[in-house]
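K.L.:
What follows is a protein structure lacking sequence information:
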């Protein structure tokens with residue numbers, strides 16, 4: 001994982017494929033790695049960006065789903 005000016009680049013070590021996250025995706029990933037729950041992340045995003053909590057929950061869930069689908073993260 002390498003942070004860039006506009007997000008993060010992940011390397012799937014088994015396949016050699018790269019995956020790029022935008023800034024929001026990077027924030028979600030870093031917060032997950034810091035032990036925050038998806039619900040906590042969504043609440044913080046809603047407050048910080050003035051969006052509806054349901055929208056923030058949807059966006060955070062979408063990032064997590066895409067990371068799992070790409071097999072760059074796994075659920076505990």
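P.N.:
Structure received. Please read all numbers here as calculations on a predicted model, not as lab measurements. Residues are numbered from 1 along each chain as shown.

K.L.:
low-scoring stretches of this protein, by residue?
P.N.:
When residues are selected by pLDDT under 70, those of the chain lie in 74-76.

K.L.:
quick one, longest helix in it?
P.N.:
helix 53-69 (DSSP state H).

K.L.:
in terms of contact count, name the helices or strands touching that helix.
P.N.:
Where contact means 3 or more C-beta pairs under 8 Å, 6 or more residues apart in numbering; DSSP states H and E, helix 53-69 is packed against helix 23-33, helix 38-49. In this view, the C-beta of every residue, glycine as well, is placed from N, C-alpha and C.

K.L.:
what does it contact?
P.N.:
21, 24-25, 28-29, 32, 38-39, 41-43, 45-46, 49, 73-75 (C-beta atoms under 8 Å, 6 or more residues apart in numbering).

K.L.:
Any of these buried? List them.
P.N.:
Among these, those buried by neighbour count (16 or more other C-beta atoms under 10 Å) are 21, 25, 28-29, 32, 38, 41-43, 45-46.
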